[in-house]
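Participant: Make a model of this:
(one chain, ligands or ions: 2)
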Amino acid sequence: MKNEFKELQSSNPKELRGLVYHFLRLERKLFLRSDILLEFRRYCESAEGSCLCKTGAPIVVGSIQEAAVTGSSIYLALRPGIARWEYYRLDSEPMTVEQISTRDFLRAKESFVQGQRSDQESVLEIDLRPFQKASPKMERPRSIGRGVQFLNRHLAGRLLVRNGRGAELLFHFLHEHHHRGRQLMLNAAISDADGLKEALREAIRFLEEKPADTPLAELQHTLVGLGFEPGWGRDAGSIAEMMNLLSELFEAPDATLLEDFLSRIPMIFRLAILSPHGFFGQSHVLGKPDTGGQVVYILDQVRALEKELRDSLREQGLDDVEPKIVVITRLIPEAGDTTCDMPVERIHGTRSAEIIRLPFRHGNGEVVPHWISRFKVWPYLERFAREVRPEILGRLGGRPDFIVGNYSDGNLVASMLAHSLGVTQCNIAHALEKTKYLYSDLYWREHEEEHRFSCQITADLIAMNTADFIITSTYQEIAGTPETLGQYESYRTFSLPGLYRVRSGIDPFDPKFNIVSPGADPTVFRPYDAESTTPAEMADDVADLIHGGDRPDALGGFDDKEKPMLFAMSRLDHIKNMSGLLDWYGGSPELQEKANLLLVGGHFRAEDSGDEEERGQIRLMHDLIARHGLQGKVRWVVMQTDKMKVGEFYRYVARHRGAFVQPARFEAFGLTVIEAMTSGLPVFATRYGGPLEIIEDGVSGFHIDPNDGPAAAAVMAEFFEVCDRDPDRWTGISRAAMQRVEEHYTWKRYARRMLSLSRIYGFWKYMTNIEHAETRAYISMFYHLMYKPLAERVPE
Ligand code: UDP
Ligand code: LCN
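Facilitator: Ligands and ions are numbered 1, 2, ... in the order given. A predicted model of the protein is given here:
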């Protein structure tokens, strides 16, 4: 953008100066992108600035993400492309434009909080770039989120082709595989890569003479004699196919062949998944504080992974090997109506997966009996990690093949455990709070009492950098869109004034990022027009909850029951914006004319809620219903904790040709969007976060802007209007929604992809020793000198 700025300065100096003054006159310190665009538009509408819109200014201004004003200078952060940043300072007298460093930009922002001190005092600076120099880096924004594939392409070329050393390494790698002391893949009869090539030729000859369905048991004796242990396949056909893949790889190495080959090797048997906070259980937990989609995600993930692992072990000829997955969480003695006080709980729908619970303990060893907000768990995590370690080893019968962390606390514990056990660490964020709360970094002190972002952001930075790979649900989670920054990208450069300044925290181009999107449980969420398997009693109850009369768990009702429904369901957090939806609906007679509003979530008596934020939302919702006179048009059903019933809600609304609304101010991913689309509901969902990527606007649903309620209401009203005239419109969107989910968002696809990535990653970790030892050492110092003191300050 440097040249564009120069050009502008020489062609329109007067107008550029005018623009700078326009911003200075506003006497604001910080501007977000939306404010900047608005003010630029205003300036261009004035006589003074009108000619700017015909210059390069709209492009330059369009790429500004943030501006900070100090005195007569404006500091700008420009994002000319996805995950690319440049910083500038504009001075008014005399008018100059200068490109500045990240440090100078951050320093200017810090000065709002720190005053002049930020200029004078030295501050801890974190810069991880030097550690990343040795690892291969992607360059194209399109490659972001496909890290392991990139590694595979990059390293296959480098390692396997060059001077034959790759073949020898590959041979040693195949020798490594065993399960509980039993050798798999190769035995001592083969002693080097040439021997392996020769043995492969013989084995393939032998196998190809047999009928393809000859079972392994009949072949095993000969194969073992040739040097091949179980793990290659279940019958002559599949074993020969796998062996041919390897022969081909030896002959002409190729990344796709390699991926195919690695995806079939029995490398993964045992997994530990961490989710310490919240009420983690299988029933009565949804809607409890801090327990939302993450629990749904993990339970569905475990079911899908166990099944995929078992299927692949069968394909590999290892029917007798049982995979084992454990989910580790905290035990909460005061667990109410949940099972969160049970040390062990079997996971329904799996053969052997378990939830293992260990309590948090105070420094003196006493068990913490009550629930603790996810924002305040920090002082307990190190001890928790120490205490769960032997439990994991005991339950799994050895070290896990990899450890998956969930959310900031789970990822930090995963980081400690993966290090102490020497295994691969995989992170899943679910939601990074940093981007959810405006200026949570800059004004961290204001949040400290309630949110402790100093701990959370520091924990995130630590866990991101120690992770071997990171799984995200969408692309935007990593790197945003051309206009907006990604959730991970927000950790690239930032300051916690008075604590530290990050010049380079995480790079969205890092190959550790991999997009693997979740789905919806197919046994619960089905198309509305599929044959019903819902028990009649449950179906009747759902119908009564929606269209019935007064009940203790449902408030309000519909005067005109023939109208389709707009359905929304979520926790009653401020950010979920259910009250916003109610307000838009209340403000739009057209929408009220076309549809009723069905809300599911929370409680409708504030005194029933244990959460202050929720109580505020409940009061606001009652107020809005009264203020807009919505009686007879709105039904409010309390949160639903039975998933089967939730599935029936979606289908019921779809059978009545309604639609689903996800009005959140920001939604990291949005499982309800996937559930609704799977059920065949047209969905109107926030354009901030995951739904922007899940839905193709106007094709498989609609994007709405939660900051423009009237426009959102108009889009919904228009949709129902069109459907009145043309019922095929509803069917078209409904079909496209189901197809979109089927093609991109299923747990089966997720499990296959995640296991394949883990195997490929495991292979390259072995081949190249991509340990991040230096990063670990640096981060370990950061943990001890920064994180621990911050965590100790959180009152226990
Ligand atoms: N949910 C539910 N009952 C409710 C509200 C929500 O079962 O009353 C479920 C919903 O079906 C979804 C999850 O909770 O599976 C919410 O996940 P999402 O990703 O939409 O949001 P989160 O709560 O994780 O922010
Ligand atoms: C947390 C969120 O905020 C949601 O957007 C996700 O769908 C959920 O976790 C599951 O990943």
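Participant: Who are the contact partners of the residue in the stretch 51-200 of the chain positioned nearest to ligand 2?
Facilitator: The nearest approach of the stretch 51-200 of the chain to ligand 2 comes at residue 145, 15.6 Å away (Cβ to the nearest ligand atom). (C-beta placed from N, C-alpha, C; glycine too.) Residue 145 is in contact with 472, 475, 478, 479, 513, 514, 515, counting by Cβ atoms under 8 Å, 6 or more residues apart in numbering.
Participant: can you tell me which residues contact the fifth one?
Facilitator: Counting by Cβ under 8 Å, 6+ apart, residue 513 touches 144, 145, 147, 469, 470, 472, 478, 488.
Participant: again, only this time at 6 Å
Facilitator: Residues counted as contacts of residue 513 (Cβ atoms under 6 Å, 6 or more residues apart in numbering) are 145, 147, 470, 478.
Participant: before we move on, what about the fourth one?
Facilitator: Contacts for residue 479 (Cβ under 6 Å, 6+ apart) come out as 82, 83, 144, 486, 489, 508.
Participant: Can you lay out those as CSV showing pLDDT and secondary structure?
Facilitator: Listed next are the contacts of residue 479 as CSV, based on pLDDT from 0 to 100; DSSP: H, G, I helix; E, B strand; the rest coil:
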residue, pLDDT, secondary structure
82, 96, coil
83, 94, coil
144, 97, coil
486, 96, coil
489, 98, helix
508, 96, coil
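Participant: Looking at the residues you listed, which is nearest residue 657?
Facilitator: residue 486 (36.2 Å; Cβ to Cβ).
Participant: Stretch 72-92: end-to-end distance?
Facilitator: Separation of the first and last residues of stretch 72-92 by Cα to Cα, to the nearest Å is 6 Å.
Participant: Just the buried residues of it, please?
Facilitator: With burial defined by 16 or more other Cβ atoms under 10 Å, the residues of stretch 72-92 counted as buried are 73-80, 82-83, 85-90.
Participant: Next step: those restricted to helices.
Facilitator: Among these, no member falls in helices (criterion: DSSP state H).
Participant: which ones among those come in contact with ligand 1?
Facilitator: Restricting the buried residues of stretch 72-92 to those touching ligand 1 (Cβ under 6 Å from any ligand atom) yields no residues.
Participant: Now the two most distant members of those.
Facilitator: Spatial extent of the buried residues of stretch 72-92 (Cβ to Cβ) is set by the pair 73 and 82 at 27.8 Å.
Participant: quick one: the residue of the stretch 51-200 of the chain closest to ligand 2 from residue 734, how far?
Facilitator: Residue 145 sits 29 Å away from residue 734, going by Cβ to Cβ, to the nearest Å.
Participant: For ligand 1, give me its nearest residue in the stretch 501-650 of the chain.
Facilitator: Closest point on the stretch 501-650 of the chain to ligand 1, by Cβ to the nearest ligand atom, is residue 639, at 3.3 Å.
Participant: which SS state does the closest residue to residue 653 other than its chain neighbours fall under?
Facilitator: Spatially, and ignoring its direct neighbours in sequence, residue 653 is nearest to residue 567 (4.4 Å; Cβ to Cβ, 6 or more residues apart in numbering). Assigned by DSSP: H, G, I helix; E, B strand; the rest coil, the conformation of residue 567 is strand.
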